[in-house]
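S.K.: Here is a sequence with its predicted model. Questions after.
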Amino acid sequence: MERKKVKELLSGPVIGEEVLVKGWVRTRRGNKNISFIALNDGSTINNIQVVADMSRFDESQLRDITTGACIAVTGILVESQGQGQNVEINANSIELYGKCDQETYPLQKKGHSMEFLREHAHLRFRTNTFSAVFRIRHAMAFAIHKYFNDKGFFYLHTPIITGSDAEGAGEMFRVTTLEPGNPPRNEQGEIDYTRDFFGKPTNLTVSGQLEGELGALALGEIYTFGPTFRAENSNTPRHLAEFWMIEPEMAFYDLKDNMDLAEDFLKYLIRYALDNCSDDLKFLNSMIDKGLLERLNFVVSNEFVRLTYTEAVGILTSASRKWEFPVGWGRDLQAEHERYLVEEHFKRPVILINYPKEIKAFYMKQNDDGKTVKAMDVLFPGIGEIIGGSQREEDYGKLMNRIQELGLPEKDLWWYLETRKFGTAPHSGFGLGFERMILFMTGMSNIRDVIPFPRTPRNAEF
């Protein structure tokens, strides 16, 4: 008999049919006459109830059917007599695949802290909260590919190992095959990277953007979606050392086109979740964040406010608020400033543009005022910045001057500069941190709880 998933049985049941279902026991209760087993197979947050008439089963057969055990059940799908479910399975046979030692199984019925579950990340998928989070994560990944595919974008795989630093941030993980205790050295006593695997220093990528631009300047519109790495020693609820980024790059888009795409993209993803993940979102709304659904609908139903960085600084300096971090023209905005603009001042998502060039990356298009660049940041309630992007500098001379001003290594960027010599074009792009998006979509408060196995300072477990 073909196995049926719990989601399928609950959504379009055929009453009276014999079915085979397999999964993990959430709970078992009952008496000497009857047993009720709540079974979950991961396909939905909802369990299916299995009813075992004890006159048909030996108690010894059911002794090991405890919380966490894995079983297969064959039985008749019937209308449920009890509260809380429409259908249940009257069991004819139960096969035990895997016992679960109750003495040592960490996920007993009581609630567990998020910190405890991080320490048991190999098992946390089995909880309602984390199964909901990771089903939503899957749905969002699928929706991202669908959105760009339907718009005619091409998915470009940019390198994970790179010889360049896209952001000029310098906080990168080195990739090497040299012996750590005794690397080869040149005559100056420096490590001789010509003898390394790639013949030069290489790192894990912080962004696929620079390579993405190369694709956009021939294919028109591309997007990347892959892992990125930052060796920042940041132990905060908003930072990971390994995270996923979505980075579209578009030829012939100016800053306004870029903003329009970012707003449309974010609204599409939220609508997709509301339409396709309703059970999981309702659960998270009731158990994790009572304002989650309200906030998702708020973003979808409101136009994003657009204003300049200079206007934002004016609003923040005149606010009757004591800031933890000082506000002033030329300073980068902190999460407290971004969230004030969104949650209190405008009460809508905000896109800030035209930042001072000193606080933005070398590749951003310079404005005619000589002080600002065509940058854009999208700010969301509860999160702050969720997207960062810009129109890119297509002028060879201006880009070269900026690279020299910042002392960046031209020799590592020769290929990037050449695109400005051979048929340059106006173009734009942005980056969306996937985990930041999942934080917003789920109401979780720590970024470590929206990626299966978080990589953070001093933690590479599992």
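M.R.: Here it is on my side, so go on. Residues are numbered from 1 along each chain as shown.
S.K.: start to end distance for stretch 109-117?
M.R.: Chord length of stretch 109-117, first to last residue, is 13 Å (CA to CA, to the nearest Å).
S.K.: For that stretch, buried residues please.
M.R.: If you call a residue buried by 16 or more other CB atoms under 10 Å, then stretch 109-117 has these buried ones: residue 117. In this view, the C-beta of every residue, glycine as well, is placed from N, C-alpha and C.
S.K.: Likewise for stretch 371-382?
M.R.: 372-382.
S.K.: could you dump it to CSV, C-alpha only?
M.R.: C-alpha atoms of stretch 371-382 as CSV (Å, rounded to 0.1, in the frame of the first residue of the first chain):
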residue,chain,number,x,y,z
LYS,A,371,28.8,64.0,-1.2
THR,A,372,26.2,61.2,-1.6
VAL,A,373,25.7,58.0,-3.6
LYS,A,374,22.6,56.3,-5.1
ALA,A,375,22.2,53.8,-2.2
MET,A,376,19.0,52.4,-0.9
ASP,A,377,18.1,50.6,2.3
VAL,A,378,14.7,49.0,2.9
LEU,A,379,13.6,49.2,6.5
PHE,A,380,11.0,46.9,8.1
PRO,A,381,9.2,46.9,11.5
GLY,A,382,10.9,44.7,14.1
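S.K.: Do a quick rundown of the helices in the stretch 301-450 of the chain.
M.R.: 309-317, 335-339, 396-405, 414-418, 434-442 (DSSP state H, counting those that start in this stretch).
S.K.: deepest of these, which one?
M.R.: Neighbour counts (mean count of other CB atoms under 10 Å) averaged over each of those peak at helix 434-442, with a mean of 23.
S.K.: what's next to that one, contact-wise?
M.R.: Defining contact as CB atoms under 8 Å, 6 or more residues apart in numbering, one finds that helix 434-442 is touched by 132-133, 136-137, 140-141, 144, 225, 238, 240, 243-246, 266, 269-270, 273, 284, 288-289, 292, 295-296, 380, 382-383, 385-386, 444-445, 447, 450-451.
S.K.: hang on, the earlier thing: let's have the buried residues of stretch 371-382 in TSV, adding pLDDT and distance to residue 312.
M.R.: Below are the buried residues of stretch 371-382 laid out as TSV (pLDDT from 0 to 100; distance: CB to CB, whole Å):
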residue	pLDDT	distance to residue 312
372	98	12
373	98	15
374	98	16
375	98	12
376	98	12
377	98	10
378	98	13
379	97	9
380	95	15
381	91	16
382	89	18
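S.K.: Next, check the residues you listed against the strands and list the overlap.
M.R.: Counting by DSSP state E, the buried residues of stretch 371-382 place 372-380 in strands.
S.K.: Among these, pick out the one closest to residue 91, please.
M.R.: residue 380 (47.1 Å; CB to CB).
S.K.: The closest one - nearest residue in space that isn't next to it in sequence?
M.R.: The shortest distance from residue 380 to any non-neighbouring residue, by CB to CB, 6 or more residues apart in numbering, is to residue 386 (4.6 Å).
S.K.: Check residue 59 too.
M.R.: residue 32 (8.0 Å).
S.K.: The one you found: how many residues sit nearby?
M.R.: Look at residue 32: counted by other CB atoms under 10 Å, it has 7 neighbours.
S.K.: quick check, it in a helix?
M.R.: No - counting by DSSP: H, G, I helix; E, B strand; the rest coil, residue 32 falls outside a helix, being coil.
S.K.: Would you mind confirming that it makes contact with residue 54?
M.R.: Yes - taking CB atoms under 8 Å as the definition, residue 32 is a contact partner of residue 54 at 6.1 Å.
S.K.: Most remote residue from the middle of the chain, which is it?
M.R.: residue 55 (49.5 Å; CA atoms, centre = their mean).
S.K.: give me every residue that touches it.
M.R.: Taking CB under 8 Å, 6+ apart as the test, what residue 55 contacts is residue 33.
S.K.: and it, backbone torsions?
M.R.: phi -70, psi -20 (degrees, to the nearest 10).
S.K.: Would you check how far apart it and residue 71 are?
M.R.: 19 Å (CB to CB, to the nearest Å).
S.K.: do the same with residue 436
M.R.: From residue 436 to residue 71 the distance is 39 Å (CB to CB).
S.K.: JSON lines for the helices of the stretch 301-450 of the chain, including mean pLDDT?
M.R.: As requested, these are exported to JSON lines (pLDDT from 0 to 100):
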{"stretch": "helix 309-317", "mean pLDDT": "97"}
{"stretch": "helix 335-339", "mean pLDDT": "95"}
{"stretch": "helix 396-405", "mean pLDDT": "95"}
{"stretch": "helix 414-418", "mean pLDDT": "94"}
{"stretch": "helix 434-442", "mean pLDDT": "97"}
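S.K.: Specify the stretch among those that is closest to residue 17.
M.R.: Among those, helix 434-442 sits nearest to residue 17 (CB to CB), with 34.9 Å.
S.K.: one step back: closest one to residue 66 out of the buried residues of stretch 371-382, please.
M.R.: residue 382 (38.8 Å).
S.K.: right, and that closest one touches residue 295 too?
M.R.: Yes - Residue 382 lies in contact with residue 295 (CB under 8 Å); the separation is 6.6 Å.
S.K.: Just flag the most distant two among the ones in strands among the buried residues of stretch 371-382.
M.R.: 372 and 380 (23.1 Å).
S.K.: what about the nearest residue to residue 416 once chain neighbours are set aside, neighbour count?
M.R.: Nearest residue to residue 416, sequence neighbours excluded (CB to CB, 6+ apart): residue 210, at 5.4 Å. Residue 210 is flanked by 22 other residues according to other CB under 10 Å.
S.K.: After the host helix or strand of residue 210, which helix or strand is next?
M.R.: Element membership of residue 210 [criterion: DSSP states H and E] is helix 209-219. Toward the C-terminus, helix 209-219 is succeeded by strand 221-229 as the next helix or strand (DSSP H and E).
S.K.: Within the sheet, what are the partner strands of the helix or strand just after that following strand, with directions?
M.R.: Under the assignment DSSP H and E, the closest C-terminal helix or strand after strand 221-229 is strand 242-251. In the sheet, strand 242-251 lines up against strand 221-229 (antiparallel), strand 427-433 (antiparallel) (DSSP bridges).
S.K.: right, so of those strands, which gets closest to residue 312?
M.R.: Per CB to CB, nearest to residue 312 of those: strand 427-433, 18.2 Å.
S.K.: can you pull the buried residues of that closest one?
M.R.: So, applying 16+ other CB under 10 Å, buried residues of strand 427-433: 427-433.
S.K.: ok, now stretch 56-65?
M.R.: 57, 62, 65.
S.K.: Might you list the low-confidence residue ranges for the stretch 201-350 of the chain?
M.R.: Applying pLDDT under 70 to the stretch 201-350 of the chain flags no residue at all.
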